[in-house]
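**Student:** prediction below, plus the sequence it came from.
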Amino acid sequence: MTESLRRNGEYEHAQENPYGNPYQGAQQHASSPVNPEWPPPPTQPPAAPDAGFATDGQPGQPQQRRRARRGPVALLAAVAIVAAAIGGGTAYGIQELSGGDTVASATSTNVVPSSQKGTVSGVAKAVSPSIVEISATSNAGSSTGSGVIITDDGEIITNNHVVSGASSVKVRTSDGKQYTAEVVGTDSKKDLALIKLENASGLKAASLGDSDAVGVGDQVVAIGSPEGLTGTVTSGIVSALDRDVTVSTDEGQQQQQQGQGGGQWPFEFGGQEFNGDTGSSTTTYKAIQTDASLNPGNSGGALIDMNGNIIGINSAMYSATEASASAGSVGLGFAIPVNTVKADLPDLRAGASN
């Protein structure tokens, strides 16, 4: 029952009680006339009024009540629009609209449509347009590797050993288009290189994730061009983190490997050499180990989490066979963490040639 306070401490009803009134005193006040000489009510706001009703009982206030009820509906509609626009950012959008604190990170990005979230097919469909096949030619021969598009105008991250010493670099995207590329910067110590396509635009850039957030046992997907088979998809888990992998930085050694046509990945692990001689000049980096199948030609391709974020650049594989040219995957692959890539990008873009 809504009432307004009079100066002398008495009350009067702003409207009749629609539910009936058991209080005789209230009925007397409701039926008593209003003295026009009474002073106005006090200026301070009244104590908490009944929910949904106006505090002054004036006509038109119920209309405000209806608007107030529409508020949450409008908020939910806004959230739905944001969710439809940004896909996996739904939780982020809700927290922002509701005033919650949110720390944005690359791992919160969900590239995969919600209907296919957590599936290998969903990851493959979402990320494959960002993975390319790279063909590098040098005086020693030719080699095939993979790369990851990181800008829509054609910046591509790959392994240094894929393009080292190359006089010509050709790139084929997932839709079959072919481009000429130039080597922008290289870092043999991290086995990374940045190349740039000529006259490219409108490409689909990959989402770079956060390799520090990766855990052992996480599901992953690998996409690349093993043996020239463009867009090959394999899957597995993260087997281990921070594995010390030693690879060759000797350009002559890499050119020799390319010339043999085997697409080998010479590297050293645990004091032993695998897939060929690493040469006299080597470097060691921390790698993500995965059991996702990797084969020659996967070099420079992507290791991806189940949200579609790149968490590593595939760089080496283990094979127990001596004939490395015919070696296949035995479930021991290694990828350069994407946070290493992101930290190295400024130098690569500046034309580093380490």
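**Tutor:** The structure has been received and is ready for your questions. Numbers count the residues shown, from 1 in each chain.
**Student:** burial count for Glu198?
**Tutor:** 10 (other CB atoms under 10 Å). (Each C-beta comes from the backbone N, C-alpha and C, glycine too.)
**Student:** now do the contacts for the residue nearest to it when sequence neighbours are not counted.
**Tutor:** Among residues not flanking Glu198 along the chain, Thr180 sits closest, at 4.9 Å (CB to CB, 6 or more residues apart in numbering). Neighbouring residues of Thr180 by CB atoms under 8 Å, 6 or more residues apart in numbering: 168-171, 197-198.
**Student:** hmm, which two among those are most spread apart?
**Tutor:** Taking CB to CB, the two most distant members of those are Ser168 and Leu197; they sit 13.6 Å apart.
**Student:** can you give me the helices in this structure?
**Tutor:** For the chain, the helices defined by DSSP state H occupy 24-31, 61-86, 90-97, 120-127, 160-163, 251-260, 338-349.
**Student:** helices or strands up against the fifth one?
**Tutor:** This means helix 160-163. In terms of contacts (3 or more CB pairs under 8 Å, 6 or more residues apart in numbering; DSSP states H and E), helix 160-163 is packed against strand 131-138, strand 141-149, strand 178-187, strand 192-197.
**Student:** now do the buried residues in stretch 140-157.
**Tutor:** 140, 143-150, 154-157 (16 or more other CB atoms under 10 Å).
**Student:** same check, this time on stretch 118-132
**Tutor:** Result for stretch 118-132 [16+ other CB under 10 Å]: buried residues 119-120, 122-132.
**Student:** and these, which two are the farthest apart?
**Tutor:** Every pair of the buried residues of stretch 118-132 checked by CB to CB; the farthest is Thr119 and Val132, at 23.2 Å.
**Student:** name every strand pairing with the lengthiest strand in the chain and say which way it goes.
**Tutor:** The single longest strand within the chain, with elements called by DSSP state E, is strand 232-248. Sheet pairing of strand 232-248 (DSSP bridges) gives strand 219-224 (antiparallel), strand 267-269 (antiparallel), strand 282-290 (antiparallel).
**Student:** re the thing from before, and of the helices and strands packed on helix 160-163, who's closest to Ala352?
**Tutor:** strand 178-187 (4.4 Å).
**Student:** quick one on the thing from earlier: Ser168 and Leu197: who's more crowded?
**Tutor:** Leu197 (24 against 13).
**Student:** what sits closest to the more buried one if chain neighbours are left out?
**Tutor:** Sequence neighbours aside, Gly154 is the residue nearest to Leu197 in space, at 3.1 Å (criterion: CB to CB, 6+ apart).
**Student:** for the one you found, give me the pLDDT.
**Tutor:** Looking at Gly154, its pLDDT is 97.
**Student:** tell me the mean pLDDT over stretch 306-320?
**Tutor:** pLDDT averaged over stretch 306-320 gives 90.
**Student:** just list the residues touching Asp191, thanks.
**Tutor:** 159-161, 247, 249, 283, 285, 315, 336.
**Student:** please repeat the previous calculation with a cut-off of 7 Å.
**Tutor:** Counting by CB atoms under 7 Å, 6 or more residues apart in numbering, Asp191 makes contact with 159-161, 247, 285, 315, 336.
**Student:** quick revisit: nearest to Val220 among the buried residues of stretch 140-157?
**Tutor:** Val148 (14.3 Å).
**Student:** do I have it right that that closest one meets Gly312?
**Tutor:** No: contact between Val148 and Gly312 fails when scored by CB atoms under 7 Å: they sit 10.0 Å apart.
**Student:** the bottom helix or strand of the protein by mean pLDDT?
**Tutor:** helix 90-97 (a mean of 31; mean pLDDT, DSSP states H and E).
**Student:** low pLDDT regions in the stretch 101-250 of the chain?
**Tutor:** 101-108, 250 (pLDDT under 70).
**Student:** which regions of the stretch 251-354 of the chain lie under the pLDDT threshold?
**Tutor:** For the stretch 251-354 of the chain, the stretches flagged by pLDDT under 70 are 251-280, 319-328.
**Student:** coming back round to it: redo the helices and strands packed on helix 160-163 as TSV? Include distance to Ser211.
**Tutor:** Formatted as TSV, these follow (distance: least, CB to CB, whole Å):
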stretch	distance to Ser211
strand 131-138	18
strand 141-149	14
strand 178-187	17
strand 192-197	14
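**Student:** quick one: which of these is nearest Val112?
**Tutor:** Per CB to CB, nearest to Val112 of these: strand 131-138, 14.9 Å.
**Student:** what pairs with that closest one, and is each one parallel or antiparallel?
**Tutor:** strand 141-149 (antiparallel), strand 168-172 (antiparallel).
**Student:** can you list the neighbours in contact with the first one?
**Tutor:** To tie it back to what came earlier, the one meant is strand 141-149. Contacts for strand 141-149 (CB under 7 Å, 6+ apart): 130-136, 156-159, 162, 171, 195, 203-206, 224-225, 228, 258-259, 261, 263, 297-302, 310, 313.
**Student:** touching, Asn295 and Ser329? I think so.
**Tutor:** Yes: the pair Asn295 / Ser329 is scored as a contact, 5.2 Å apart, by CB under 7 Å.
**Student:** having no further points to raise, I will conclude here.
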